[in-house]
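[1] Turn this into a model:
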Amino acid sequence: MVCFFTTVYRYKRYFEQIIIIMFHLFSTPHHIELKQLLSEFNRSLMLIADRQLLIKNFLSKVSQITPVESISLFLSDESTEKYKEQGTEEKNPPYFSGRGKLVSWLAVNERPLIVSESPSLLSYFSEEEQEVLKRLKAEIVYPLNVMNRISGILVMGKKVNGKRFGKQELELLSLLLGKAAFAIEHASLYEIQRDRLKRMYRTDRLAVLGELAAGAAHEIKNPLTSIRSTIQYLSSDFDPDTEKGQMMHELLNETERINKIVQGLLSFARPSELNTTEVNLEQLINQTLLLINNTLKKQQVEVEFEYFTEETTIMGDAEQLKQVCLNIILNAVEAMKGNDESHPRTLYISMEHGAMIDARSRYLLLSFEDTGKGIDEKNIENVFNPFFTTKEEGTGLGLAICYGIINRHKGELEVRSTPGKGTCFTIKLPQHV
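    Coordinates of the predicted model:
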């Protein structure tokens, strides 16, 4: 309740300051349109709860209020401790390190950086930061502060009309961005909490399904063994070239298929214990790619493997982790089968450091992103459910088993997808530091 009243008070203070500035800015009829834009800006921040929609609306309104040559928003990513550009479809979008000099300067000075007024300051930043600022043609770099923490960075280019930013204009932008920062932070926290609840619900649901699957597999396996033995015995009485012989062969194939499903159920319900050793994930990925090299060539799939850290060793079960990687890669190959010549078949594999878990460990992130057909939004929540599959020959147990393996490694397996563009699976595994 105290936090609620603090937020209301802060918003009230913002409004009072905005009204003072607006009194000067809107003293002529020429600025009526700008006044309407500010009203719409305020309303969108109050009413839009969807994070991506809020960001899109926010950038659009800022561009209308202050027309600039370019505008980019970087938000803090809890998984990687980076500030990543929002709304971009690049495979390797620009970012600012959370521990970089630019973020440190913004945090200490608590004010926007005006590039044209401090050209010598650029040399203080890292080469990577200078390259991003140059690429974005940055004129002003605004910190988005929430509770004494930089939650985001807004990078704006020069004004379209070529004029310099006035003092009152900068004050108004600072106030608007301060309010926007709170709105985006609230939407982000809601999204994070929603995802955590989904993961908790999924883990509990898979545990219950595992118990049911174990009982069902046990009850099916015994009579299935008798049926298979009987078919094998009777098939010797029929010529395999006759119709009845072929029917017996088909029956035997079907029992084998049922047996594979039962074995999959047992693997899902009663997973083997982890044989934990030191595992070099870089080597494991290369071994997996070598294992299916012929499949990749046959399907004309190009693989791009990048790792942004030299520390790729974790404690885990090498064979089970290889099973996870193999399953995800084969799913990606399957998803790209329908691609035509204008839509290349490329699998992007990347590895990088993630956020700290505690003082002695952090996450190592391993991502597999394909250029396939993607997954419909209505199905994205079901991909880890047993028996859910979009393949004609699939059993729907592969990803459920993968989820269980990663969960037993105290890690997380996440998926995001855009229909028609591709799917990305990200594995988070604990790593000692």
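
[2] in the stretch 201-350 of the chain, which spans are helices?
    Counting by DSSP state H, counting those that start in this stretch, one finds helices in the stretch 201-350 of the chain at the ranges 243-269, 281-291, 293-298, 318-335.

[3] Same question for the stretch 51-200 of the chain.
    Ranges of helices within the stretch 51-200 of the chain are 51-65, 101-109, 127-135, 167-235, based on DSSP H, counting those that start in this stretch.

[4] pLDDT at residue 348, what is it?
    Note on residue 348: pLDDT of 95.

[5] Look up how far residue 422 lies from it.
    Per CB to CB, to the nearest Å, residue 348 is found 9 Å from residue 422. Just so you know, the C-beta spots here come from the backbone N, C-alpha and C atoms, and that holds for glycine as well.

[6] residues shared between the contacts of the two?
    The contact sets of residue 348 and residue 422 overlap at 369-370 (CB atoms under 8 Å, 6 or more residues apart in numbering).

[7] Counting neighbours, go ahead and name the busier of the two.
    Remark: of residue 348 and residue 422, residue 422 carries more neighbours, 24 against 19, as counted by other CB atoms under 10 Å.

[8] Tell me where the stretch 301-433 of the chain has strands.
    Secondary structure of the stretch 301-433 of the chain (DSSP state E, counting those that start in this stretch): strands at 302-307, 313-316, 346-358, 361-370, 412-418, 422-432.

[9] name the helices or strands packed onto the first one?
    Counting contacts by 3 or more CB pairs under 8 Å, 6 or more residues apart in numbering; DSSP states H and E, strand 302-307 packs against helix 281-291, strand 346-358.

[10] between the ones you listed, which one is nearest to residue 153?
    Set against residue 153 and scored by CB to CB, the helices and strands packed on strand 302-307 come closest in strand 346-358, at 17.9 Å.

[11] what is the orientation angle of the closest one with strand 361-370?
    Taking axes from the mean of the first three to the mean of the last three CA atoms, to 10 degrees, one finds strand 346-358 and strand 361-370 inclined to each other by 160 degrees.

[12] Check which residues of strand 346-358 are buried.
    Neighbour-count burial for strand 346-358 flags 346-354 (criterion: 16 or more other CB atoms under 10 Å).

[13] hang on, the earlier thing: using TSV, lay out the helices of the stretch 51-200 of the chain together with distance to residue 309, mean pLDDT and mean neighbour count.
    Shown next, in TSV, are the helices of the stretch 51-200 of the chain (distance: least, CB to CB, whole Å; pLDDT from 0 to 100; neighbours: other CB atoms under 10 Å):
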stretch	distance to residue 309	mean pLDDT	mean neighbour count
helix 51-65	28	85	18
helix 101-109	20	94	16
helix 127-135	15	94	15
helix 167-235	24	80	15
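
[14] what would those helices look like in a markdown table with distance to residue 331?
    Shown next, in a markdown table, are those (distance: least, CB to CB, whole Å):
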| stretch | distance to residue 331 |
| --- | --- |
| helix 51-65 | 25 |
| helix 101-109 | 37 |
| helix 127-135 | 34 |
| helix 167-235 | 18 |
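
[15] Tell me where the model's unsure across the stretch 1-150 of the chain.
    1-48 (pLDDT under 70).

[16] Which parts of it are strands?
    71-77, 82-85, 95-97, 113-114, 140-146, 149-156.

[17] and the last one, how far from the chain's centre?
    So that's strand 149-156. Here the centre of strand 149-156 is set off from its chain's centre by 20 Å, with CA atoms, centre = their mean, to the nearest Å.

[18] which residues sit against that strand?
    Applying CB under 8 Å, 6+ apart, the set of residues contacting strand 149-156 from outside is 62, 66, 68, 70-76, 83, 96, 102-103, 106-107, 133, 136, 138-145, 177, 181, 184-185, 188.

[19] For it, list every residue counted as buried.
    Going by 16+ other CB under 10 Å, strand 149-156 has these buried residues: 150-156.

[20] Can you read off the pLDDT for the residue lying farthest from the centre of the chain?
    Most distant from the centre of the chain: residue 237, at 57.5 Å, with distances by CA atoms, centre = their mean. pLDDT recorded at residue 237 is 82.

[21] can you check the one 10 residues further on too?
    Reading off the per-residue confidence, residue 247 sits at a pLDDT of 87.

[22] what about it, distance to residue 381?
    In this view, residue 247 and residue 381 are 41 Å apart by CB to CB.

[23] swap in residue 397?
    Residue 397 sits 17 Å away from residue 381, going by CB to CB.

[24] and what of residue 426?
    Distance, residue 426 to residue 381, using CB to CB: 16 Å.

[25] More neighbours: which of those two?
    Taking other CB under 10 Å, residue 426 and residue 381 do not tie; residue 426 has more neighbours (18 against 14).

[26] Specify the beta-bridge partners of the more buried one.
    residue 367, residue 414 (DSSP bridges).

[27] same deal with residue 140?
    residue 114, residue 156.

[28] which residues touch the residue nearest to residue 355 when sequence neighbours are not counted?
    Excluding the flanking residues, the one nearest residue 355 by CB to CB, 6 or more residues apart in numbering is residue 81, at 5.2 Å. Listed by CB under 8 Å, 6+ apart, the contact partners of residue 81 are 97-99, 353-356.

[29] ok, so of those, who is nearest residue 270?
    Nearest to residue 270 among the contacts of residue 81: residue 354, at 30.4 Å, using CB to CB.

[30] Which pLDDT value goes with the closest one?
    The model reports residue 354 with a pLDDT of 89.
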